[in-house]
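1. Requesting a structural model of the entry that follows:
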Amino acid sequence: MSNLLVCLTFDHDNASLMIARGQTTPTAISRGDFGIAATPRILSLLAAHNTPSTWFIPGHTIESYPRCVERVRDAGHEIGHHGWTHRPPASMSRGEEEDELLRGLQAIERLTGSKPVGYRSPSWDLSPHSVELLLKHGFAYDSSMMGHDTLPYQVRSGDKVTLLEPMVFGEDTPLVEMPVSWSLDDFPHFEYSVSERGILPGLKEAAAVERNWIDDFLYMKETQDWGVFTLTFHPHVIGRGHRLRMLDRLIGRLASEGARFVTMAQALQAYREQFPQGLTLRS
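-> Got it, this is the predicted structure:
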């Protein structure tokens with residue numbers, strides 16, 4: 001059995017991303033609505049490859065697009081927590097963040113009948129309270145940080161970070177980080193957007209991004225005996241025809257190179273078996 005694990009993950013934001021940014025015109029909302037068309041295309045592709053995946057779904061998407069998310073559930077893919085709105089935790093108070101966690105949990109439990117194992121923060125920006133709250137509410141893993149590219153590790157809590165002094169690392173916690181990267185995310189490569197914060201040009205050639213991702217996987221294969229390669233997609237981004245053709249080729253190529261496709265929950269279990277004492281991220 002291959003020790004080169006690949007997690008295909010989908011942040012099923014639909015319109016919640018635009019709404020969180022105050023972009024509520026009909027055209028802005030319609031960009032999220034494209035997730036309705038994209039989701040069955042993606043699910044069909046995954047089924048053709050017999051490939052499991054993990055979908056991080058905001059409660060807003062679950063309650064606004066019920067048939068869309070039911071398709072994901074019915075296809076048997078893992079469903080993780082992605083907030084209720086798409087507001088990053090770092091922008092909220094502790095109370096607001098916990099309210100979001102609880103409301104998102106309730107939406108997922110109504111959809112699946114069980115609590116999610118994992119969490120991914122909207123916009124990948126945790127607050128100083130996030131680790132404590134995730135542990136309090138029973139999460140086993142987070143997928144929001146970037147301390148490694150292909151090895152999970154134990155999340156620290158209580159780091160002391162100031163401008164003029166060396167960092168003081170906090171203690172490791174039971175929460176496992178399943179790391180991500182903007183370079184392994186479809187959104188910055190492909191999505192074009194204009195906001196008061198500036199322009200995200202996106203719209204890159206799919207084949208060029210495909211080559212980058214294959215090379216990242218091959219680097220893991222060449223340098224590690226075990227690892228988890230995590231790609232992040234958004235249905236309303238990856239679901240365009242030329243990008244789906246790229247994803248189809250990518251899955252086939254990674255499989256030919258020895259990849260074993262798993263959900264993030266399965267990767268978490270494999271990490272615990274591979275590193276019973278956990279991995280710590282310290283110098």
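2. Counting by contacts, list what the lowest-mean-pLDDT helix or strand in the chain packs against.
-> Here the helix or strand of the chain ranked lowest by mean pLDDT, DSSP states H and E is strand 193-195, holding a mean of 75. Contact here means 3 or more C-beta pairs under 8 Å, 6 or more residues apart in numbering; DSSP states H and E; on that basis strand 193-195 packs against strand 198-200. Where you see a C-beta, it was placed from the backbone N, CA and C, and this is true even at glycine.
3. what pairs with the least confident helix or strand of the chain, and is each one parallel or antiparallel?
-> Sheet pairing of strand 193-195 (DSSP bridges) gives strand 198-200 (antiparallel).
4. Tell me where this protein has strands.
-> All strands of the chain, identified by DSSP state E, fall at 4-11, 54-57, 78-81, 118-119, 141-142, 153-157, 171-177, 193-195, 198-200, 227-233, 260-261.
5. Same list (the ones you listed) but as CSV, adding mean neighbour count and distance to Leu164.
-> Formatted as CSV, those follow (neighbours: other C-beta atoms under 10 Å; distance: least, C-beta to C-beta, whole Å):
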stretch, mean neighbour count, distance to Leu164
strand 4-11, 26, 37
strand 54-57, 28, 37
strand 78-81, 24, 37
strand 118-119, 26, 33
strand 141-142, 24, 29
strand 153-157, 19, 21
strand 171-177, 17, 23
strand 193-195, 13, 33
strand 198-200, 10, 30
strand 227-233, 23, 35
strand 260-261, 18, 46
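6. Using CSV, lay out those strands together with distance to Met220.
-> As requested, these are exported to CSV (distance: least, C-beta to C-beta, whole Å):
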stretch, distance to Met220
strand 4-11, 7
strand 54-57, 19
strand 78-81, 22
strand 118-119, 21
strand 141-142, 19
strand 153-157, 15
strand 171-177, 17
strand 193-195, 31
strand 198-200, 28
strand 227-233, 5
strand 260-261, 12
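7. isn't Gly118 right up against Tyr141?
-> Yes - using C-beta atoms under 8 Å, Gly118 makes contact with Tyr141 at a distance of 4.5 Å.
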